[in-house]
Structure formats: C-alpha cells, structure tokens
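[1] got a structure for you, letters missing:
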C-alpha cells in the first residue's frame, strides 16, 4: 500500500481518499474497504470557518468551539463521537460516514454490500430506522448531517455544487450507495445560508460517545420557514415537515420506541425556538 | 504445629471441600478502628509505575524471537469440522506453524458456538498469522442451533441437572398469604470487556514451560496447565506482574494458553496468543442472561411467608449454573422457599464468572419483587426489609452480619426521598430506591506469604499472588507494616511469579484480601517475634524501633512465614450492604439519569479506605453499565454475536457517573482470621440494578422488569404504568402515585 | 517499506515500516514505548491516546505515515504533576487505561488549567475505564496543581 499526499485538487488521480482516517482506517483493517493506494487529502481540502463558508476539512473539535456558526451545527459537533475523534475527524468525513448497522459492519452480504436481503429486518434491529426502511433498515449516524440539512446548507465539491441533502440517496436495487458522490469526487466546502435560530437535540444511551438513537435538528430560516431534519431514523438524514410526519413512520417491531422519542425531541426543539 | 484438615471453601458462589495444611492462627485481631497504618488511606504502592505507563502488562512483553498467533474460530453457532487443510496457511509468508482440532487443548472439532476455537497459526507478525488463518481450508457440517433458553429447558438440553431447593411448606404458605406478587424478570448477557484482552505468551526453556499471562489466578493456571500438558507442576512457571482487568473472566487458561504452548513447542520460539477486542466480545466469557419467574407471598403485617422462583440461566455451550436463586434463599427470613434453577445449554459462548455471578442477576429480580410487595402491602420498602431480617443463614449463624447497621446508615439517604420527589416536574420525575446486598465472603485457605527483613529495617513481603488492580499489593504492605510496627514506606511487596513465592489464592470471589491478608499478617508476626527474640538477646527494651534492633544483622536476614488459617466452622461468612439511589426519569423520552448513589457495605475490617472506596465506586459504575446501556446482542438467525466492538457494546464513560457516597460499617468479623476482613471486590456491584429500578418505580410508578433499562424498556414500563393508573381510575379507585 | 520520520517525546526517529502501520504499533513495537496501550485497536476506547502537537488523538487508527506534528506519549509526560495527582487521588486500578487518561487530561489542563467537573467529564469521555476509576480521575484533575 502507498500513501500519497497531494497538495492540490488537480493532483488527484484515483486511489482511496482519506482525511482524518477515523472511518477509513478501521474499515481498511476490517477488510470492508480495500485499497492499494491511499490518498491523504488534508493538503487539498480547505479547513476553517470564513463567514458562512466552512472548509470540509474543519474538525468537529474546531466547530465545537466556533462561535460564528449556527447553534445546531455547533451542538451537533459537540455531542458527536469522543473528544479524540472530534479532533481527528473532519466535517466532510462525518457527513460521509457509513452506518453503524452491525450487519453491515460485520460484512454480512446485505443490500448495502450488494446482497439481496436486509438482515436487520428479520434480525436484530433495535437501533435501526423508522423511515424508508423497506429496502435497507440502516440508520444514518451523522449528527452534523442532520444539522446541515436543517440549516439548508449547500456543499461544494471538486465537481459540482449541491444542497447537502442531495449528497444522500436511498439505496435501491440498481444502486446500493447512500451517497451521490462520484468516483474521485471530493467535498471541499460547506456553505451556510444566513441563519436564524437553530437547535440540535440528541438522545443517546450513555451520556457521551454514542451515535444518535434519535437526533433532531431544527432551524428557522429568513423566509420564516422551519426545517426539521433527523439523524438515526433512516438510511440517510431525514427531513420532516412537522411533528405530524412522525405519524407516517414505519417502524420495525423493535424500533417502535424511536417514534415517541423522536416526537418528544421534535416538540422540544420547536419549543426551544419559539 | 502443622495440622492437616478438611475444610469447606467457596469461590464465586461455588463450594468445594479441600484438604489443607494449616499452622495455628494464634494472632488476635487488632482492635476495631484506625490503627497506625491499617485503616488509613494509602495511595497505591505501584501507582507511579501504572500511571506513568512503566508497568509491563502481558501485552507489553516482548521476548526475543517471539511469534504471534491467530486463531481460527467457527463462524457457525453449531458445526463440526468435516475437513480441514492447514497447508494453504503454512504456505504463506512468515508462517512458522499451524495446528488444528485436537492438537491443543481447546481446539475442538465440534464448535458449540460461533467463536469457538478450531485451529491456530503462529507467524512472525499478527497480520501474517491472521492472513494465514483466513487461508485455512475448512469444510463445515452445520448442526442444529439452539439459542432460546426456554426452548433448551423444554428439550432438557442443560449443562447439568436442574438444581432444586425447598424448605417449609411453600404451597400452603402461598395459599394462606394475604398478599401475593409475582413477576418475570429478565437480565441480559453482559460482557466483561477488561481493557487488556485475554492473552498468554508461552516459552519453553528445556522442559520447563514459562507462561506469561493476564490472569487472576497464577497458581490455578500452573495447576491446570501442568495437568493438561501432563507435566509436573514445578515444570510450569506462571508470571503475571500487572494485568489489565479480569472481573472473573481470567480465572483459567482457556484455549489461548494451550495454543501458545503448543505452537511454542513446535517452533522452539516464544509465542503470544492474544485475543483481539472482537474475540474478547465473542469468546472470552460473559455474565449469562437469566429469566426469573418469581413469586412472593406475605401476611398483611409485612411478614414474608413464601418465596418461589424458577430461574433459567443461559449458560451457553458450557459453563456452570450460577446461583441466581441465592438471594431468594438467603437474604430474608422466610420459612417457605422453593427454587429450581436450570442451566440452559445453548449454542452461545459459555458463561464465565463475572463479579458476583448469579447474585447480581438474582438480586435484581428479588429486590424488585420485594419493592412490588412493599407497594402492594403499603409498607415502606426499608421497613419491609427490616421486618424480614434474617438472623441466621437457614439456621447456620453468620460469622458477622451488620446489615441492620447498614440499614441504619441508609436512613438519612432514604429520608431524602421527600425532597427528591418535590423536585419532580412535568418531564423529569424523580425518585429514590433501595436494594439490599448479600454475597459470599471470607475467602479461604490455603494461602501463604513470607516476610524478609534485612539490617536496614526494611521488609519485603514475598508472595506469588497477583494484583488484578484491586490494590492488594498496597493492602498487604499495610498489613505487614502494621504488624511489624514500621512505616509503610519501608515495606515492599513482591508478587506475580509462581517461581518466586508460595501458593496464593485466586483473585476472584472477593477473596484476595481475606485469603492472603491473614497469611501476610502471620508471616509478619513470625518475623516480628524473631525480632523481639533478638531484642531480648541484645538486652534492648521492648519498644526499641525495629530498625535499631536489626541494625547489627549485616547480611543476615530474618525470614518470617505465615499461612492462612481455616475458616470458622459452623458459620456462614457473608457480606451485606444496601444501596440507596436517586434517579430522574424523562417520561417523554425514556431517559434515565442516575444522580446519586449511597453505597453502604459491611465487609468486615477495611484495610485501606482509599482503595476500598475505589472498589465501591468501580462496582457501582460497572453496575450502572449493565443496568442502563450494556447488552451483548446476537443474530437470532445465525447465533453470531453482533456487538463485537466497543462502539456497539457501550460501557459507562466518565460522563455517566453519579454522585457516589461510600460508607462502610468497618467492623472486623470477629470470627474470621486474624484480620476480620471479608472481601470487597464484588459486593458493590450486587444491588445497584435493583436500587435503580426501584428508584424508577418510586419516581414514576413504572415497573421495569428487564435489564438493561433501555429507552425502549423504560417507555414500555411507563405506558404500562399509565394504563394501570387509567384502569384504576375507571374502577373508581384513586390513581396510584 | 517506506521511510518514516517521527518526532516522539522530543526525539527524532527514522523508521522503515510499511504504509498502513498504525502510530500505536510504531510506538509499542518499534520504539519500545509500551506505555501507550492498545485495547480495542479501532478507535473506540481511548487507551491508545497520544498527543500530536498537544492534541489528543487515537494512535491505533492513526497511520504512522500520515503523522504531521510532534508526538507526545505518556513517557513524555512522566514528570507532569498530573502523574502525582493521579497517584495521590488513587485514580488508578488495573492501570491499563491510565496512560491514555493522563495524556487526555494533560491536554485538557494545558488549555484550561482549572476545568470544572462538567468540562472534565466532557473532555475525558473518550477514555473508557472498565474498572470505574472515573470519580478519582475527576478528583485528580481537579487537584492537579497540588
């Protein structure tokens, strides 16, 4: 294996892109990713906050203490992962992280791995999705993704510019990926529209260092609208229009508990902004 | 005078009769209270080396030429190896040897659980060994898988005969009872997850096997390995100077030791066989899940007249049937008790002792049931426990029981519940709960120590025991310093090598201090007596400082030896305690915050109050883990473990710690050895789950019947409590608070 | 094999190790610095915590070839007052997680010499201790200046 360290986007030429490595290194070690060439993009991806533009290489630890970003993003960063992982992990990397579903992480031949079943549905699924879970029941673990979706953020890559929710797609028979990134496409910057008030609430089963059982981000926008996005409830960050949308949740038998939990958090988040 | 006697000895709730040689134990116990050294807080003698990272654990040892082993483990919950070919593994770079089923103890042809060891490879690096394991060509014949414990019981697939117990006339007592409560309680499979994984390094020197191992029982490893490999015991040397946690899981050699020994034999090089964290989560043992179907009957005056329990332990493929029924039998004064305990043999990884095995699980069920009984009787939970105080252990007197003192000390904490309730609001309901603790204590013989004293007035306590992180090294030093009348700084303790000291007991079952401590004191007393003889011969007054007396010795030394005497006959040595816990429950999200724990324990004399409080805090925190967030999950279809890593098997972090108040009765057990210490390792983890569940019930009326108390379980219990309240209102009765 | 330059505890090292080797493996196996422990090897427990330019990171999932900055391990913090504070407070039981705890704590008090309990809990939440030494660790950090 070789490790390349380019200093510009132009130098990119294939290989497995790695930034902080908190996701890629363990996956490589477990054999869930394979690569002969690793490309360290820390010299390529912008880092730091400049007005409403955040470099995708900014670490969560930096965002945690950054006063000039919306509350929801700062709080999502603060409650994510562990202190060490926040120092190592980038915003971009966190957006692209894979599900914690144990079947996926243990290499079962599930739908996301190209197989023809979702083992969680008939198996152990108590941490899994309550929406869009008929093909794949995995839950999206990123706190900051939910915050950015609620904030209406846009993402700039080396190839295009898009709304952050367009970064994600539900896996289907023809394409098992949960992101829309192309080969060699690299997240560079996240741009935030002018922010109204925002909040992020996270339910975990220990006080720190846990993925969201349910995470709720709510942000008010200049046009008076309120956007709500949830972590931990669907294979991708999940937008709802109002708390009533939770009535349309399709929980599995052992994820039913997430519905009242989500309801309570959405209500609280909305109340916090009222 | 040496005597050969037969005595009963208990470890982790299992009793055995053993022959032992004992010396007289003529030392009187020290008076109650703080002494010159004993009873005073002492920082750990080996603290600096541990904190600075200078201590070498088994994982840190590097022997010249050492190879790394990796193990092939069955991916199937039940399968036989139909065919296995190690040649592809042997062909890979760096590979030095490979062994298959039957070629080392613990490598089996029939895999009874996913994760069972089948074959192993030694290579220059671990990555090479792992790659080689993956290259092994193996064909499996899959067999029937049984995962459900009730199913196993129905089929009579058990690890042993069901254990039944009965006293009194249970059916009649239930029929005559004024109030009966019943319920089914479930506890989950919990994993030890010590920070240092299970591992051993084996090296042959001539025909002597040197075993460096992360273990709780140096002498047990020596015995087991010698027996299995058909070696004289003194051809096996076991070394463990520092080890990174065990909690009951490291009492035996398991398969990795034999794998390392065999591969070392074949290659002529030292071999390390270390479990990865993934293997630790699958194959290193567990606290088994239980299903407890319980009933209690009482008279309206609060006298408990009958207990009945059916306990199903999910033992796994092998293991023993822990005494989940123990608390029901022993904690309260009840004339009529009937229990049956099944050990379900399942295609799941075998259980191993885990900090008060059986009693942690059984105390959850029993102490929750007691509170439900208290509610139905409309008697205060503390009062109900007092009213049914057991003065003896089914007729056998206790060597010491200060549970009443624990209850008395609990009163001010229990009193707080009115103020705690007043701080409830619409979302956060607050409550206080309690639970009692009973567990085995006292350890037992044999254990030995030597004390070596030189002309510098400094003493070395020589043992071949292990210190698994409980601070026993420091406690032994305190005991020796106290007995010799010298400062603690002048005492060193040698441990960790079976070649360098006499037999020492296991560090499990809360037994190190009560087993080794008296031996150390006896050895120090022997040395002290010799020093006094010398003082007399030199015509020095009795209160001459020891250093002065021995100053003339030059190279001569004083050698004292001591042994652990027998346990008191005809008495039960048990520890007692009570936890009073304050919780806040978010009734909308099912979140549970443990805010305050008062842990009050009667464990006999406390040698080191500083170390003792750490044991209590540690047990409480480990207990909070199994109460709220830890659970080993397996795939119902394949029987494979799903929670194999520490992001999915979630143990408490520092952020999960409540306020912990630690109080001891600190009264020596006057019948127990020359120390009166009963052992503290396990008691603090026993009652915490029930105390939390009872506090939840006090806060919300919700009855949780399952561990862990996940949000799912909490929301279920809250919904059920709401329904019960609505039913009651409909029927015209006032809603229960 | 690939040339690797690392500065560890102020000392420069040149090593020839394959890409993919973790910093933890280098420290423990190449440099004999076994104070840094590997307990999970996948970034979940914090036992392998070292500082890189003063920032606590998980050496078990850090590619040695991607290290930019100076590495400080527990061996480089031997004289730190926190060590004595930990010993005094009995903030050590089995000791396996302790070096990682000290490394994280040292970074905390460097940035914030008098942290509150809340701040301590937040900053130390990535260092798992199975023995449950947390209350004493908190006391040690509160009293580190003696």
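    Structure received. For clarity, every value in this text was computed on a predicted model and none was experimentally measured. Residues are numbered from 1 along each chain as shown, chains lettered A, B, ... in the order given.
[2] domain map for chain B?
    B:3-57+B:443-563, B:64-144+B:200-245+B:250-283, B:149-194+B:286-390, B:399-438+B:568-737 (automatic domain parsing).
[3] how close does residue B:335 sit to chain C?
    The gap separating residue B:335 from chain C is 39 Å, by CB to the nearest CB, to the nearest Å. Every residue, glycine included, has its C-beta placed from N, CA and C.
[4] same check on residue B:621?
    3 Å.
[5] let me know the secondary structure of that residue.
    Assigned with DSSP: H, G, I helix; E, B strand; the rest coil, residue B:621 falls in the helix class.
[6] same deal with residue B:543?
    With three-state DSSP as the basis, residue B:543 sits in coil.
[7] burial of it, as a residue count?
    7 (other CB atoms under 10 Å in any protein chain shown).
[8] need the domains of chain B in TSV (columns: distance to residue C:102 and mean pLDDT).
    Shown next, in TSV, are those (distance: least, CB to CB, whole Å; pLDDT from 0 to 100):
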stretch	distance to residue C:102	mean pLDDT
domain B:3-57+B:443-563	6	93
domain B:64-144+B:200-245+B:250-283	16	98
domain B:149-194+B:286-390	20	98
domain B:399-438+B:568-737	14	96
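[9] what about the residue in the stretch 451-600 of chain B that chain C sits nearest to, neighbour count?
    At 2.9 Å from chain C, residue B:469 is the closest residue in the stretch 451-600 of chain B, using CB to the nearest CB. Using other CB under 10 Å, residue B:469 is surrounded by 30 other residues.
[10] which SS class is it?
    Assignment for residue B:469 (three-state DSSP): coil.
[11] residue contacts, it?
    B:243, B:244, B:245, C:93, C:94, C:95, C:131 (CB atoms under 8 Å, 6 or more residues apart in numbering or on different chains).
[12] from memory the fifth one sits against residue B:192, does it?
    No: the pair residue C:94 and residue B:192 fails to qualify as a contact (CB atoms under 8 Å) at a distance of 11.9 Å.
[13] what touches both of those two?
    B:245, C:130.
[14] just want to know which of those two has more residues nearby.
    residue C:94 (28 against 23).
[15] ok so that one is a strand residue?
    No: assessed with three-state DSSP, residue C:94 is coil; it does not lie in a strand.
[16] quick check: the residue nearest to it when sequence neighbours are not counted vs chain A, distance?
    What sits nearest to residue C:94 in space, not counting adjacent residues and going by CB to CB, 6 or more residues apart in numbering or on different chains, is residue B:469, at 2.9 Å. Applying CB to the nearest CB, the value for residue B:469 to chain A is 22 Å.
[17] and residue B:71, by the same measure?
    Distance from residue B:71 to chain A, by CB to the nearest CB: 17 Å.
[18] residue C:141 now?
    14 Å.
[19] what is the helix or strand harbouring that residue packed up against?
    In this structure, residue C:141 sits in helix C:134-142 according to DSSP states H and E. Packed against helix C:134-142, as judged by 3 or more CB pairs under 8 Å, 6 or more residues apart in numbering or on different chains; DSSP states H and E, are the following elements: helix B:609-628, helix C:81-88, helix C:98-111, helix C:117-123.
[20] let's see that with 6 Å instead.
    Packing contacts for helix C:134-142, counted by 3 or more CB pairs under 6 Å, 6 or more residues apart in numbering or on different chains; DSSP states H and E, involve no helix or strand.
[21] which bits of chain C sit near chain B?
    C:34-35, C:39-40, C:44-45, C:74, C:78, C:83, C:86-88, C:90, C:92-99, C:121, C:124-125, C:128, C:130-132, C:134-135 (CB under 6 Å from any CB of the partner chain).
[22] give me the neighbour count for residue A:254.
    That count, for residue A:254 with other CB under 10 Å as the rule, works out to 15.
[23] need the contact list for it.
    Neighbour list for residue A:254: A:125, A:126 [criterion: CB atoms under 6 Å, 6 or more residues apart in numbering or on different chains].
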